[in-house]
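Peer 1: 3D model of this:
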Amino acid sequence: MDNVLDDDDDDDDDDAPPAPCEAPVGFRIVDEPPSLAALTPKDPAQQMLVGRSMLYCWLSVGWCVGVIKEANGDRRRKMDGEVINLFTHYEIDDDTSAHVLTLDVYGGEGTGSWVLLEPELE
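Peer 2: Numbers count the residues shown, from 1 in each chain. Here you go, the predicted structure:
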């Protein structure tokens, strides 16, 4: 039994970096991040992001496409001590997730990084 490999014992899977950030077919990544106001709860500029598509890099899953469904207008709604700014729906699990999206990780490569998407022009 000592020579049998068990996939559950393979720690390499947990250490693997996420796949590179790639826009889905029909979309392109927006190089320029949104304004700080668009990420500030209760700022009217947040509404510019509602309905927009984005990519978010999750810890074990990697990059997933989501659609921003709602801007948080209540500064009391927090996650890990930070005020939530946007709620995004992900088709991959048919669930809506709260986010504290920040400019410092826009266009990054690691977990928690994110980018906006826009339709490609033909």
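Peer 1: list the helices and strands the longest strand anywhere in the chain packs on?
Peer 2: Taking DSSP state E as the criterion, the chain has its longest strand at strand 62-71. Contact analysis of strand 62-71 by 3 or more C-beta pairs under 8 Å, 6 or more residues apart in numbering; DSSP states H and E lists strand 53-58, strand 86-90, strand 95-99 as its packing neighbours. Yep, even glycine has a C-beta here, placed from its N, CA and C like the rest.
Peer 1: only the buried residues of the second one, if you could.
Peer 2: In other words, strand 86-90. Going by neighbour count (16 or more other C-beta atoms under 10 Å), the buried part of strand 86-90 is 86-88, 90.
Peer 1: repeat for the last one
Peer 2: Residues of strand 95-99 classed as buried under the neighbour-count rule (16+ other C-beta under 10 Å) are 97, 99.
Peer 1: circling back: from the buried residues of strand 86-90, which is closest to V61?
Peer 2: When the buried residues of strand 86-90 are ranked by distance to V61 (C-beta to C-beta), Y90 comes first, at 9.3 Å.
Peer 1: now that closest one. Nearest residue, chain neighbours left out?
Peer 2: G66 (4.5 Å; C-beta to C-beta, 6 or more residues apart in numbering).
Peer 1: can you pull out the low-pLDDT segments for this structure?
Peer 2: Residues of the chain meeting the criterion pLDDT under 70: 1-19, 122.
Peer 1: can we see that at 50?
Peer 2: Residues of the chain that meet the criterion pLDDT under 50 lie in 1-7, 9-10, 12.
Peer 1: many thanks, have a good one.
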